[in-house]
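> After the sequence you'll find the predicted model.
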Amino acid sequence: MSTRPLEGILVVDFTTMVAGGSCTRMLADCGAQVIKLEAAEGGDLMRRAGNVQDGVSLFFALYNAGKKSVVLDLKSPAGLEISKRLIERADIVVENFRPGVMARLGLDYETVSKINPKAVYCSISGFGQTGPLSQRAAYAPVAHAFSGFDMMLSRLPDREAPPPDNRVMIADIVAGAYAFSAIQTALVHRLRNGVGSHVDVAMADSMMTLVGMQIQQAQHDALWPSGGFPSYATKDGYVNIPLVSPITYRQALKVMGRDDILNDPEFQASPATRRVEIIEALRVWAAEHTSEECDTIMTAGGVPCAIYRMPHEVLDHPQTVARGSFTDVPTANGSFKILNPPFQISGAGVKAGTTVPALGEHTHDVLADILGLSEADLATAAGEKAFG
């Protein structure tokens with residue numbers, strides 16, 4: 001008996017880039033068979049993105065390990081017909097084109113639901129399938145800007161200084177995660193009701209969930225939260241020591257030996273009234289210690305603390321090693337790491353695949369195994385330009 005939770009689930013993956021790719025990779029991590037459909041002329045743009053090791057893009061590997069690659073020309077009647085035959089057998093279909101693209105191909109949800117009424121069909125886009133902005137091209141930075149996230153990240157509601165540059169594609173990952181979880185909900189719905197459904201995920205909506213508290217605040221009055229969690233410079237870097245409750249205020253003051261504030265009647269009545277003073281005390285204290293000393297001392301004193309790390313510093317950290325946060329992907333002359341899913345399920349195998357598909361590597365095998373196409377059938381399809 002399989003211990004992989006999505007074993008036996010077939011996914012037809014029309015996605016490119018990050019948002020859709022991250023969603024379908026997690027489906028593969030959970031045991032689903034993910035058939036990635038790509039154009040013969042270069043395939044997914046991520047194949048040419050970022051650093052390349054032994055002919056493999058590390059970016060592409062991150063979002064596509066464990067999948068099977070099939071090349072099809074969807075503008076060819078023969079290629080389109082093969083894609084529809086795969087959809088007939090699919091449990092899940094995922095796409096992340098701009099709204100309207102799949103309809104022009106004849107692969108929109110309305111059409112697919114007639115081909116396969118039980119299919120869970122997921123669309124990921126910048127602004128969703130509805131609304132006046134739905135037809136806009138939108139990448140992660142657009143969703144960051146629209147949602148209010150960037151302005152809150154920089155804490156610049158007065159707009160007196162420019163928001164920060166976007167370096168991390170947060171919207172792609174958040175939308176991919178919401179799509180992954182919504183697909184599971186839709187599968188439960190199908191189990192109970194016998195029909196598939198259309199999952200519509202918008203990157204802009206996904207980003208707004210990250211500033212939900214600020215959106216609630218904006219409905220109340222013109223005041224913006226004055227809190228925030230500043231960084232503190234140490235002798236050799238930076239740490240974060242978040243003051244989130246009266247308990248953390250008190251514990252931090254004990255660690256620093258600031259009984260003058262701790263015993264003050266005003267502080268005892270309302271710790272937050274001395275917040276600015278306590279933050280300044282933390283700045284002075286942190287500057288006298290290394291980052292490791294701050295982390296060790298504050299943690300021992302019951303105060304939340306974390307060292308600001310660069311990405312390369314987490315690769316072999318004892319915490320990520322103990323959690324099994326990474327999987328090694330072998331290449332011709334070595335290996336590299338990719339992230340495992342950020343969740344574990346007891347009694348179930350959930351882990352990134354260790355193989356990265358070459359463009360079209362599985363075309364013949366998949367079409368033979370799933371559709372039962374013979375060598376003659378494949379040759380005929382090739383002659384009809386099904387594979388580009």
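Sure thing, it's come through.
> What about the closest residue to residue 335 other than its chain neighbours, how many residues nearby?
Leaving aside its chain neighbours, residue 335 sits nearest to residue 328 (4.8 Å; criterion: C-beta to C-beta, 6 or more residues apart in numbering). Glycine gets a C-beta too; all of them are placed from N, C-alpha and C. Residues lying near residue 328 (other C-beta atoms under 10 Å) number 12.
> Phi and psi next, for residue 328.
Per-residue torsions, residue 328: phi -90, psi 130 (degrees, to the nearest 10).
> Would you confirm that residue 277 belongs to a strand?
No. Membership of residue 277 in a strand is not supported by DSSP: H, G, I helix; E, B strand; the rest coil, which gives helix.
> does the closest residue in space to it that isn't next to it in sequence belong to a helix or a strand, and which?
Counting by C-beta to C-beta, 6+ apart, residue 261 is the residue found nearest to residue 277 once chain neighbours are left out, at 6.6 Å. Using DSSP states H and E, residue 261 sits in helix 259-262.
> and what of residue 342?
Counting by DSSP H and E, residue 342 is part of no helix or strand.
> ok, how many other residues are close to it?
Neighbours of residue 342 (other C-beta under 10 Å): 10.
> show me what contacts residue 336?
By C-beta atoms under 8 Å, 6 or more residues apart in numbering, the residues touching residue 336 are 53, 58, 61, 328-329.
> List buried residues within those residues.
Those of the contacts of residue 336 that meet the buried threshold are 53, 58, 61, 329, by 16 or more other C-beta atoms under 10 Å.
> just these now: which is nearest residue 79?
Of all the buried ones among the contacts of residue 336, residue 79 sits closest to residue 61, with 25.9 Å by C-beta to C-beta.
> buried set for the helix or strand hosting residue 336?
Using DSSP H and E, the element containing residue 336 is strand 334-339. For strand 334-339, the neighbour count (16+ other C-beta under 10 Å) marks 336-339 as buried.
> and if you look at stretch 52-72?
53, 56-72.
> now the end-to-end length of it.
25 Å (C-alpha to C-alpha, to the nearest Å).
> Neighbours of residue 39, how many?
18.
> same check, this time on residue 192
With other C-beta under 10 Å as criterion, residue 192 counts 8.
> what's the spacing between it and residue 186?
11 Å (C-beta to C-beta, to the nearest Å).
> hang on, the earlier thing: identify the neighbouring strands of the strand holding residue 336 in the sheet and state each direction.
strand 326-331 (antiparallel) (DSSP bridges).
> In CSV, list the C-alpha atoms belonging to the strand it pairs with.
The C-alpha trace of strand 326-331 is given here as CSV (Å, rounded to 0.1, in the frame of the first residue of the first chain):
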residue,chain,number,x,y,z
PHE,A,326,16.4,20.0,1.3
THR,A,327,16.7,17.2,-1.2
ASP,A,328,19.9,16.5,-3.1
VAL,A,329,19.5,16.4,-6.9
PRO,A,330,22.3,14.6,-8.6
THR,A,331,23.8,15.9,-11.9
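> which residues of the stretch 1-150 of the chain fall in helices?
Assigned by DSSP state H, counting those that start in this stretch, the stretch 1-150 of the chain shows helices spanning 19-29, 58-64, 77-89, 101-105, 109-115, 140-147, 149-153.
> Tell me how far the longest one lies from the chain's centre.
In this case it means helix 77-89. 29 Å (C-alpha atoms, centre = their mean, to the nearest Å).
> cool, the second one as well?
Using C-alpha atoms, centre = their mean, we find the averaged C-alpha position of helix 58-64 to lie 12 Å away from the chain's own average C-alpha position.
> and that helix, what does it pack onto?
Helix 58-64 is packed against helix 19-29, strand 334-339, with contacts defined by 3 or more C-beta pairs under 8 Å, 6 or more residues apart in numbering; DSSP states H and E.
> Helix 19-29 and the shortest one, what's the angle between them?
Orientation of strand 334-339 against helix 19-29 (axes from the mean of the first three to the mean of the last three C-alpha atoms, to 10 degrees) gives an angle of 100 degrees.
> following strand 334-339, which helix or strand shows up next?
With DSSP H and E setting the assignment, the helix or strand that follows strand 334-339 is helix 363-371.
> Same question for the following helix or strand past the helix holding residue 261: list its buried residues.
Going down the chain from helix 259-262, the next helix or strand is helix 265-269, by DSSP H and E. The neighbour-count check on helix 265-269 (16+ other C-beta under 10 Å) flags residue 267 as buried.
> How about stretch 200-216?
So, applying 16+ other C-beta under 10 Å, buried residues of stretch 200-216: 200-208, 210-211, 214.
> got it, and stretch 302-321?
303-305, 307, 320.
> Those residues in helices, which ones?
residue 320 (DSSP state H).
> Inside strands: which ones of the buried residues of stretch 302-321?
residue 307 (DSSP state E).
> Among the buried residues of stretch 302-321, which pair sits farthest apart?
303 and 320, at 22.8 Å, using C-beta to C-beta across those.
> Can you add distance to residue 27 and pLDDT and give the buried residues of stretch 302-321 back as CSV?
Formatted as CSV, the buried residues of stretch 302-321 follow (distance: C-beta to C-beta, whole Å; pLDDT from 0 to 100):
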residue, distance to residue 27, pLDDT
303, 40, 97
304, 34, 97
305, 36, 98
307, 34, 98
320, 23, 97
